[in-house]
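> return a 3D structure for these sequence lines:
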Amino acid sequence: MKRILSQTLILLLVALSLTGCGETATELQDGYYTAQAADFHFGWKEYVTIMVKGGSIVSVEYNAENPSGFIKSWDNAYMQNMLHVQGTYPNEYTRYYAGELLEGQGEEPIDALTGATSSYGSFQKLSAAVIEQARKGDSSIVYIDTESE
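You can find the predicted model right below:
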């Protein structure tokens, strides 16, 4: 009887320790993490990079680059065209989405910005992937299909 009781106690302790390990696996690991679109869309490939320090996101960069590496939010001609047609532009919506991710630490929902709903969908997929990378502590760049539903 003593042996059965001690084996039960050991199994209970092992089960409790595994439960504790599952909780820590959801914490963000310190480092830099990037999720990038797998393909170019209208000449741009979007990406999200975060820096985690002390288990919290301390910086977020969301942007897109063309094949030569030029950053979308730096393109003034694109900005003017998009602003007049959509009412927003890359330098505005990328900062908005990045700021919302930083503020909510990946735990809060982010509302779409009018005029940037396509980028919102991509951002949602990329930010979810980059948060998952940070939970795993995997600093390799993860490539995401941002076009599929």
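> next secondary structure element downstream of the helix or strand of the chain with the lowest mean pLDDT?
The helix or strand of the chain with the lowest confidence, counting by mean pLDDT, DSSP states H and E, is helix 2-24 at a mean of 42. Using DSSP states H and E, the helix or strand that directly follows helix 2-24 along the chain is strand 31-37.
> that next one pairs with which strands, parallel or anti?
Using DSSP bridges, the strands paired with strand 31-37 are strand 45-53 (antiparallel), strand 142-144 (parallel).
> tell me the pLDDT of the most centrally placed residue in the chain.
Nearest to the mean C-alpha position of the chain, counting by Cα atoms, centre = their mean, stands residue 127 at 2.1 Å. Residue 127 is assigned 96 on the pLDDT scale.
> and if you look at the one 4 residues further on?
Here, the pLDDT recorded for residue 131 equals 96.
> and it, which helix or strand is it part of?
Under the criterion of DSSP H and E, residue 131 resides in helix 117-136.
> out of the strands paired with strand 31-37, nearest to residue 64?
Taking Cβ to Cβ, strand 45-53 is the member of the strands paired with strand 31-37 nearest to residue 64, at 4.3 Å. No exception for glycine: its C-beta is placed from N, CA and C like everyone else's.
> so where's the protein uncertain?
Residues of the chain that meet the criterion pLDDT under 70 lie in 1-25, 149.
> on that earlier part again, could the strands paired with strand 31-37 go into CSV alongside distance to residue 71 and mean neighbour count?
Converted to CSV, the strands paired with strand 31-37 look like this (distance: least, Cβ to Cβ, whole Å; neighbours: other Cβ atoms under 10 Å):
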stretch, distance to residue 71, mean neighbour count
strand 45-53, 10, 21
strand 142-144, 19, 17
